[in-house]
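Q: sequence-free structure coming up:
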């Protein structure tokens, strides 16, 4: 993990976790063309995912009243935080010895080498503004940026808006890119990245040998609609949201640990009123960051919540399949979970071989397995004690 801008990366490393073929945003009306330059990498991926979701749902968003459409986005994208253009410009003026540059020369160089809109490029709600204009969304809304769990927080907010009748249809977007040099440098400084001593197999949530995750990028989108409205237009729903839960708890000065008490609280909140006991869940998708402390805290919380059902309900951590995509992982894993629920087959946690002795009674399959049940629980956590849970059932 080199210092940004100083050491060139191996060529093959540049493609690790990167999504290829989606470098530019989709074609948009001319009135929005000027705003395209403000979209960061995660926002561009988000636009592509929204277009796919709208096409798959078969919904005409332009035919609905603007005030009856909801939009909630979890971005958490820090692609432009580094703004290495400044570094390159300063380096070119300071020379090899990093001498003090002349201010008038430095100012002139900045005018030509640094994008004057750099501040706008770094705003986390650029995609929110863009999508609002593109689909004329003027209803209840929110743009969130709280790292890993803001995708599921956006989902909870949108689901509540639909349930309370504040909107007829809602877009939920999770997007982010954690693969640029600066972001990887920051994550490495936190000590959450895997050392990759065993190549691709090094990212192994819940395994006793775990040492962190691989960063990646991506976007995932869900379209929410009231069940009766979906039936009326002949839609084919993928699933149903039965419950959500979001809790914040800070019980330790160690911001990398997840307070174990907030996890069962989030699970109980999501399961409350669904009339599904934990032992009847088809499976649970924990956050599974693969860090020593994070996985330990999460499994302790799940062990507390499941009780005797801990040995029956299978757990699977799927982030190694895509890399950790930040806010996009929340929504992405819900979509993959719906596929697993539909097929009745649960893919295993990649790289998992043996758990810590404390968690041997938990059911963490090491191979693909058949699953039953009509619903699954998905968890997500963020730095500083955020815990989120979402209960999803078949349509």
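A: Perfect, thanks for sending it. It should be emphasised that the depicted structure is a prediction, and the values quoted were computed from it without experimental measurement.

Q: Give the residue spans of this protein that score low on pLDDT.
A: Counting by pLDDT under 70, the chain contains low-confidence residues at 1-17, 77-82, 251-257.

Q: Show me where it has its strands.
A: For the chain, the strands defined by DSSP state E cover 69-74, 141-144, 169-177, 217-225, 240-248, 283-285, 345-346, 369-370, 375-382, 386-393.

Q: just those strands: most buried one?
A: Of all those, strand 169-177 carries the top mean neighbour count, a mean of 30, counting by mean count of other Cβ atoms under 10 Å. In short, each C-beta sits where N, CA and C put it, glycine included.

Q: Does it pack against any helices or strands, and if so which?
A: Contact here means 3 or more Cβ pairs under 8 Å, 6 or more residues apart in numbering; DSSP states H and E; on that basis strand 169-177 packs against helix 41-57, strand 69-74, helix 126-134, helix 150-163, strand 217-225, helix 327-343.

Q: most packed of the ones you listed?
A: Scoring the helices and strands packed on strand 169-177 by mean count of other Cβ under 10 Å, the most buried comes out as strand 69-74, with a mean of 27.

Q: got a markdown table for the strands of the chain, with distance to residue 106 too?
A: Converted to a markdown table, the strands of the chain look like this (distance: least, Cβ to Cβ, whole Å):
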| stretch | distance to residue 106 |
| --- | --- |
| strand 69-74 | 37 |
| strand 141-144 | 35 |
| strand 169-177 | 30 |
| strand 217-225 | 33 |
| strand 240-248 | 44 |
| strand 283-285 | 51 |
| strand 345-346 | 58 |
| strand 369-370 | 62 |
| strand 375-382 | 39 |
| strand 386-393 | 41 |
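
Q: For residue 377, list each beta-bridge partner.
A: residue 284, residue 391 (DSSP bridges).

Q: Contacts only, for it.
A: 267, 270, 271, 281, 284, 285, 389, 390, 391, 392 (Cβ atoms under 8 Å, 6 or more residues apart in numbering).

Q: repeat for residue 135
A: 54, 61, 62, 69, 71, 171.

Q: so how far is residue 227 from residue 70?
A: 16 Å (Cβ to Cβ, to the nearest Å).

Q: Over to residue 108?
A: Distance from residue 108 to residue 227, by Cβ to Cβ: 61 Å.

Q: try residue 217
A: Taking Cβ to Cβ as the measure, residue 217 falls 33 Å from residue 227.

Q: Please apply the same query to residue 326.
A: Residue 326 is 30 Å from residue 227, by Cβ to Cβ.

Q: okay, those two: which has more neighbours?
A: residue 326 (30 against 12; other Cβ atoms under 10 Å).

Q: Now do the contacts for the residue nearest to that one when sequence neighbours are not counted.
A: Leaving aside its sequence neighbours, residue 326 sits nearest to residue 176 (Cβ to Cβ, 6 or more residues apart in numbering; 3.5 Å). For residue 176, the contacting residues are 42, 75, 76, 77, 217, 218, 219, 325, 326, 327, 328, by Cβ under 8 Å, 6+ apart.

Q: Of all the strands of the chain, which one comes closest to residue 89?
A: strand 169-177 (22.9 Å; Cβ to Cβ).

Q: Report the distance from the closest one to the chain centre.
A: 9 Å (Cα atoms, centre = their mean, to the nearest Å).

Q: show me the residues around residue 233 that make contact.
A: Counted by Cβ under 8 Å, 6+ apart, residue 233 has contacts residue 59.

Q: burial of residue 29, as a residue count?
A: 8.

Q: Please report the distance of the nearest residue to it once chain neighbours are set aside from residue 371.
A: In space, and not counting its chain neighbours, residue 29 is closest to residue 134: 7.5 Å by Cβ to Cβ, 6+ apart. Plainly put, residue 134 is 38 Å away from residue 371 if you go by Cβ to Cβ.

Q: likewise residue 44?
A: From residue 44 to residue 371 the distance is 35 Å (Cβ to Cβ).

Q: And residue 32, by the same measure?
A: Where residue 371 is concerned, residue 32 sits at a distance of 43 Å (Cβ to Cβ).

Q: Who has more neighbours out of these two?
A: Taking neighbours as other Cβ under 10 Å, residue 32 and residue 371 compare with residue 371 leading, 19 against 15.

Q: Hmm, the more buried one is touching residue 344, no?
A: Yes. The pair residue 371 / residue 344 is scored as a contact, 5.9 Å apart, by Cβ atoms under 8 Å.

Q: Name the residues of stretch 109-116 that are buried.
A: residue 109 (16 or more other Cβ atoms under 10 Å).

Q: any residues touching that stretch, and which ones?
A: Counting by Cβ under 8 Å, 6+ apart, 37, 85, 86, 88, 89, 92, 93, 121 sit against stretch 109-116.

Q: Tell me the buried residues within these.
A: Buried subset of the contacts of stretch 109-116 (neighbour count, 16+ other Cβ under 10 Å): 89, 93, 121.
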